[in-house]
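K.L.:
Task: produce atomic coordinates for the following.
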Amino acid sequence: MKLEGRVWKDHKFWLVELPLLDLLTQGKSKKNALFMIKDAVELLINDKSFSCKIIPTKDKTFYLDTEEIDLLIPLILKRLRERNNLSIREVAERLGHKSHTAYARYETGKVKASLDKFVECVKVIDEHDLILKVG
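P.N.:
This next block holds a predicted model:
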């Protein structure tokens, strides 16, 4: 799975953002800023088996790439829900679930969301246009 991010220089610092994770950090150099965003994602996932790499592009974008989507998807769902000020119960209701536990299991990673279920969850959580690149 690849997540697209932005990188740009603001005065003396480089800023990097992963919109899908609602994550922004900075560094003194472009290389340092890209390292910081990688480190931030790995800290948020908090699983020693998780690894990701940063793929810079020639323009003002980069990709965070990982094969471990089962660990990344729960984080994406949680961060989107929090950014949109929704409770787990509200998301479950939007999905048509009678119990909030069904949705909570996707967000905790106890149940692996299929790609279709992931897309459905993202659509009910966030009505904005998000760039999600799956590779």
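
K.L.:
Am I right that K117 is in contact with Y106?
P.N.:
Yes - using C-beta atoms under 8 Å, K117 makes contact with Y106 at a distance of 7.1 Å. All C-beta spots, glycine's among them, are computed from the backbone N, C-alpha and C.

K.L.:
who has more neighbours, these two?
P.N.:
More neighbours surround Y106 than the other of K117 and Y106, with 23 against 15 (other C-beta atoms under 10 Å).

K.L.:
can you tell me the helix or strand for the more buried one?
P.N.:
helix 100-108 (DSSP states H and E).

K.L.:
can you pull the buried residues of the helix or strand following that helix?
P.N.:
Once helix 100-108 ends, the next helix or strand along the chain (criterion: DSSP H and E) is helix 115-125. Across helix 115-125, burial judged by 16 or more other C-beta atoms under 10 Å covers 118, 121-122, 124-125.

K.L.:
Redo those as TSV? Include pLDDT.
P.N.:
Rendered in TSV, the data for the buried residues of helix 115-125 read as follows (pLDDT from 0 to 100):
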residue	pLDDT
F118	91
C121	92
V122	90
V124	91
I125	91
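
K.L.:
What is the nearest of the residues you listed to T61?
P.N.:
V122 (20.1 Å; C-beta to C-beta).

K.L.:
Angles on the backbone of W8, please.
P.N.:
Dihedral pair for W8: phi -160, psi 160, per degrees, to the nearest 10.
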